[in-house]
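Undergrad: Output the structure for:
(one chain, ligands or ions: 2)
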Amino acid sequence: MIGTKKMNSKKTKTPQKNPKYKILFVSSELHPFAKTGGLGDVSNSLPKALKNLYQDIIVLIPAYPFAVQKAGTIKHIAKINLPLKGFPGHLGLPIIEGKKNSVSIIETLLPESKVKVWMVESEIYNRPGTPYFDDNNREWDDNDFRFALLNYVAVEIAMGRIGLEWQPDIVHGNDWQAGLIGALLEDEHLSKKNMRPATVFTIHNMAHMGVYSKDRFDALELPKHLWNHHELEFHDDFSFIKGGLVFSDRVNTVSPSYAEEIQHEEFGYGLSGLLSYRSERLSGILNGIDMKEWNPAKDTMITKNYSIKTLDNKQKNKSAVQKHFNLPKKKNTILLGIVARLVYQKGIDLVLEHMEEILELPVQIVVLGSGDLELESRLRQWVNNYPEKIQIQLGYDESLSHLIEAGVDAFLMPSRFEPCGLNQLYSLRYGTVPIVRETGGLGDTVIHASKKNLNNHTATGIVFHESKGSTIVDAITLSSLLYQNKDVWKKLMITGMKQEYSWKESAKKYLKLYGQAIKDRNKYKKHAPVAL
Ligand code: ADP
Ligand code: GLC
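TA: Ligands and ions are numbered 1, 2, ... in the order given. Purely as a prediction, here's the structure:
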């Protein structure tokens, strides 16, 4: 009010109460039970963060044998008869369990938490390998059946039909493997007039869309009316992810920049029109990291713990990495690390194209990864030619990934696209300077070591723009030069270590998103036709 004197403004703080939701979080990966990449990490750490905000959350995953084995104590809690006729007996694939299409649900807890995990037990998951591939890295040819089953089970739980007294307010699906839930729940609502829970769908990677043929659509017993190009049909095939994008009350992705990028042709993979059409329901929420699991001061998987105050101890981890990889111990040569799925997305081929120039620089490189066989063998060749400068370990190794984060000086992520990226966040926390391409979450989380940013102490890494091998060479050259100036490098490390990329803020944003999804579901309108 104009003219009034400021009153004694001692406000009594009313504690902000969060709403409490029942959430079914559906994912194909869950660390430490089943993980191939960041989806596994997020499916672990986000539910834990939500639990800390007093949410009633259950994570639903397939009962892969390796997941069940790691889970330890499990109990059988339900048997579900699915409303399906023959699925997946078609096409000569195994019938779920006898004649009735029934599956069991077993329950365990996520380690070091009170988050319940429900696993769907079925013959169709009972295989070795990874969630998606066999031991020879070949994709299972019935992944559509495997994950459609997960979606059907999620719908039964969502509709309160499994004989347990728990029905979610929100079903939160992740990536294409959970994309049909939105469509099937909408069908419950439209065709069967059942009130459904609100739906949220998170895109961790638009490049994987779960595209399958019309035959499979029929075999999966999907509602026939969904076969049209406004709904599931996608260029004469159909797409799981499209189901999540068209039908979910809210759609989000894992960084603000990626939410923007996928609305354009290059990263929308034929669905950018749909995504921009739904832009009012689309947002970006940056992933957080598990601050307990990725903490250099307490990490039990590294050689010597350290913090900002004891930064010199990081050097012992560098020596341990050099020893592990049989590289000569060079204290003053910058040691670069890569831990990644070796796939097109990660831009490793761009590094390989210019490897000779890179290895001419005063650098050492260690790589931990697996994936594309050609990339693996090209990397091996460089190891044969320059064993003192580059070493690789093929395969998946959780504890080595921690040691690399702790021991290398800089972490290289030359991704062509990166929805969020977690390794640059782990690197920042470990005083390991990230060298990243400015794309998606990488650009949102790393601040380039320009003169200005170095002077005002905001720089946390090296950021380059173009997706080109020569640009990567320039970025590595700049890193090795900056590394020679110990004060500058130390400042970069410390500024990075002071960044806060926990789930604290992001988990609250998910709560807000859930609230919006419920509102949208309540003022229900049939989704408008999509302009593609
Ligand atoms: P993406 O999900 O695209 O693979 P992210 O950066 O989000 O990329 O997450 C990758 C996660 O997977 C990190 O936790 C990383 O340490 C882990 N990871 C990737 N490859 C390996 C590997 N070969 N061994 C151990 N951990 C790996
Ligand atoms: C995806 C993305 C990665 C992201 C992760 C977790 O696999 O490739 O950028 O960090 O999901 O959201």
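
Undergrad: average pLDDT for the strand or helix carrying V246?
TA: Secondary structure from DSSP states H and E places V246 in helix 240-247. Summarised as a single mean, pLDDT over helix 240-247 is 98.

Undergrad: That one and ligand 2, are they touching?
TA: No: using Cβ under 6 Å from any ligand atom, helix 240-247 never reaches ligand 2; the gap is at least 12.9 Å. For every residue, glycine as well, the C-beta is placed using N, CA and C.

Undergrad: what do you get for stretch 124-140?
TA: No: remark: stretch 124-140 sits outside contact range of ligand 2, by Cβ under 6 Å from any ligand atom, the gap being at least 12.0 Å.

Undergrad: For that stretch, measure first residue to last.
TA: End-to-end span of stretch 124-140 (Cα to Cα, to the nearest Å): 11 Å.

Undergrad: tell me which parts of the protein are close to ligand 2?
TA: Within the chain, the positions near ligand 2 by Cβ under 6 Å from any ligand atom are 37-39, 42, 204-205, 254, 287, 418-422.

Undergrad: Repeat the analysis, applying 8 Å as the threshold.
TA: 37-39, 41-42, 175, 202, 204-205, 254-255, 258, 287, 345, 415, 417-422, 440-441 (Cβ under 8 Å from any ligand atom).

Undergrad: In PyMOL, select just the buried ones from those.
TA: Remark: buried members of the residues of the chain next to ligand 2, expressed as a PyMOL selection using 16 or more other Cβ atoms under 10 Å:
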select buried, resi 37+38+39+41+42+175+202+204+205+254+255+258+287+345+415+417+418+419+420+421+422+440+441
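
Undergrad: Can you flag which of the residues of the chain next to ligand 2 belong to strands?
TA: T202 (DSSP state E).

Undergrad: what is the mean pLDDT for stretch 62-78?
TA: Stretch 62-78 comes out at a mean pLDDT of 95.

Undergrad: The helix-or-strand element of the chain with minimal mean pLDDT versus helix 240-247: what angle between them?
TA: When each helix and strand of the chain is scored by mean pLDDT, DSSP states H and E, helix 180-192 comes last, with a mean of 90. In terms of direction (axes from the mean of the first three to the mean of the last three Cα atoms, to 10 degrees), helix 180-192 departs from helix 240-247 by 50 degrees.

Undergrad: Now the stretch 51-200 of the chain against ligand 2: closest residue?
TA: D175 (7.7 Å; Cβ to the nearest ligand atom).

Undergrad: show me what contacts that residue?
TA: Contact analysis of D175 by Cβ atoms under 8 Å, 6 or more residues apart in numbering lists S27, S28, L39, T202, I203, H204, N205, H208, I241.

Undergrad: can you put those residues in a markdown table and add distance to K116?
TA: Converted to a markdown table, those look like this (distance: Cβ to Cβ, whole Å):
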| residue | distance to K116 |
| --- | --- |
| S27 | 14 |
| S28 | 18 |
| L39 | 19 |
| T202 | 20 |
| I203 | 25 |
| H204 | 22 |
| N205 | 26 |
| H208 | 27 |
| I241 | 27 |
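
Undergrad: now, among those residues, which is nearest to ligand 2?
TA: After measuring these against ligand 2 - Cβ to the nearest ligand atom - the closest member comes out as H204, at 3.3 Å.

Undergrad: I figured that closest one was touching V42, is that so?
TA: Yes: using Cβ atoms under 8 Å, H204 makes contact with V42 at a distance of 7.1 Å.

Undergrad: shared neighbours of the two, anything?
TA: N174, V254.

Undergrad: how about the strands in the stretch 51-200 of the chain?
TA: 56-62, 75-81, 102-109, 116-121, 170-174, 198-203 (DSSP state E, counting those that start in this stretch).

Undergrad: These into a markdown table, with extra columns for distance to N455?
TA: Listed next are the strands of the stretch 51-200 of the chain as a markdown table, based on distance: least, Cβ to Cβ, whole Å:
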| stretch | distance to N455 |
| --- | --- |
| strand 56-62 | 45 |
| strand 75-81 | 59 |
| strand 102-109 | 49 |
| strand 116-121 | 48 |
| strand 170-174 | 41 |
| strand 198-203 | 38 |
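
Undergrad: any idea which helix or strand carries the spatially closest residue to S401 that is not a sequence neighbour?
TA: Leaving aside its sequence neighbours, S401 sits nearest to V339 (Cβ to Cβ, 6 or more residues apart in numbering; 4.8 Å). Here V339, judged by DSSP H and E, is contained in strand 334-342.

Undergrad: And the next helix-or-strand element following that strand, what does it pack against?
TA: For strand 334-342, the succeeding helix or strand toward the C-terminus, using DSSP H and E, is helix 348-353. For helix 348-353, the packing partners by 3 or more Cβ pairs under 8 Å, 6 or more residues apart in numbering; DSSP states H and E come out as strand 334-342, helix 373-385, helix 469-484.

Undergrad: mind listing what's buried in helix 348-353?
TA: Under 16+ other Cβ under 10 Å, the buried positions of helix 348-353 are I348, D349, L350, V351, L352, E353.

Undergrad: which bits of the stretch 201-350 of the chain sit near ligand 1?
TA: Counting by Cβ under 8 Å from any ligand atom, the stretch 201-350 of the chain sits next to ligand 1 at H204, N205, N287, V339, A340, R341, Q345, K346.

Undergrad: same check, this time on the stretch 1-150 of the chain
TA: H31, K35, T36, G37, G38, L39, G40, D41, V42.

Undergrad: Repeat the analysis, applying 5 Å as the threshold.
TA: Contacts of the stretch 1-150 of the chain with ligand 1, taken as Cβ under 5 Å from any ligand atom, map to G37, G38, D41.

Undergrad: For the residue in the chain that ligand 2 sits nearest to, give its distance to L335.
TA: Taking Cβ to the nearest ligand atom as the measure, the chain has G38 as its residue closest to ligand 2, at 2.8 Å. Distance of G38 to L335, computed by Cβ to Cβ, to the nearest Å: 23 Å.

Undergrad: so of the helices and strands packed on helix 348-353, which one's packed in deepest?
TA: strand 334-342 (a mean of 23; mean count of other Cβ atoms under 10 Å).

Undergrad: in its sheet, what does that one sit against?
TA: strand 363-371 (parallel), strand 410-413 (parallel) (DSSP bridges).

Undergrad: Ligand 1 is nearest to which of those strands?
TA: Nearest to ligand 1, of these and by Cβ to the nearest ligand atom, is strand 363-371 at 4.7 Å.
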